[in-house]
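Chemist: sequence plus predicted model, see below.
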Amino acid sequence: MPTLHVCPLSRLPDTVHATGARHLLTLVTIGMPVERPAAIPPENHARIGVSDIAAPQAGHVLPGEEHVAALLAFIRAWPRETPLVIHCYAGISRSPAAAYIAACALAPERDEGTIADALRAASPSATPNRLFVEIADRLLGRNGRMVAAIARIGRGADAFEGTPFVLALD
């Protein structure tokens, strides 16, 4: 069964090694240095340069439809033979949002609330970026259900960085 592994940047090499992942999705601020682990072929690594914000802020890149569309294209092209690692700087907002979006996109028959509950159970600190989820909800035709499910699970526990977690696709 394919799985999504979410981690902060500080745990990226360990997570890739421990999972045997061959695909990597990076969501970090433009210009942030990220060394791709050697186990990940360059063609299996997508980097989306976006800030962790939900409203315009000077000097930052606001998540937009093009960022979510790139995320969805990469997720849909992932062959699901090995795990996929998704990371951002802290592993709390952008990468949990991306994992939630991926789970909703790859299992369109699955209930958004069930996926959100699985996310919360896997990561008490996850606080998915609201704007990422809003855009994905619209692009996936989920009619506000993704947004409502994430709002229902609420803000995660305060943490400097998230603990790596797994989100299954079933």
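Modeler: Thanks, I have it.

Chemist: what mean pLDDT does stretch 106-124 have?
Modeler: Mean pLDDT, computed over stretch 106-124, is 97.

Chemist: count residues in the vicinity of Leu169, would you?
Modeler: 18 (other Cβ atoms under 10 Å). (Glycine included, C-beta is placed from N, CA and C.)

Chemist: that one reaches Ile75, doesn't it?
Modeler: No. Using Cβ atoms under 8 Å as the test, Leu169 is too far from Ile75 to be in contact (10.3 Å).

Chemist: what residue ranges in the protein score low on pLDDT?
Modeler: 1 (pLDDT under 70).

Chemist: quick one: end-to-end length of stretch 159-170, please.
Modeler: 28 Å (Cα to Cα, to the nearest Å).

Chemist: who's in contact with it?
Modeler: 1-8, 10-11, 14-15, 80, 89-92, 95-96, 99-100, 102-103, 106-107, 115, 118-119, 122-123, 125-126 (Cβ atoms under 8 Å, 6 or more residues apart in numbering).

Chemist: which of the residues you listed count as buried?
Modeler: 3-8, 11, 15, 89-92, 95-96, 99-100, 102-103, 106, 115, 118-119, 122-123, 125-126 (16 or more other Cβ atoms under 10 Å).

Chemist: overlap in contacts of Leu169 and Ile75?
Modeler: By Cβ under 8 Å, 6+ apart, the residues touching both Leu169 and Ile75 are 102, 106.

Chemist: for the residue positioned nearest the centre of the chain, give me its contacts.
Modeler: Residue closest to the average C-alpha location in the chain (Cα atoms, centre = their mean): Ala98, at 2.3 Å. By Cβ under 8 Å, 6+ apart, the contact list for Ala98 reads 6, 25, 27, 71, 86, 88, 132.

Chemist: Three-state assignment for Ala70, please.
Modeler: helix (DSSP: H, G, I helix; E, B strand; the rest coil).

Chemist: residue contacts, it?
Modeler: 46, 48.

Chemist: burial measure for the nearest residue to Leu62 once chain neighbours are set aside, as a count.
Modeler: Excluding the flanking residues, the one nearest Leu62 by Cβ to Cβ, 6 or more residues apart in numbering is Pro56, at 5.3 Å. Per other Cβ under 10 Å, the neighbour tally for Pro56 reads 8.

Chemist: hmm, Pro56 is touching Leu131, no?
Modeler: No. Counting by Cβ under 8 Å, Pro56 stays clear of Leu131, with 10.3 Å between them.

Chemist: what sits in contact with each of the two?
Modeler: By Cβ under 8 Å, 6+ apart, the residues touching both Pro56 and Leu131 are Leu62.
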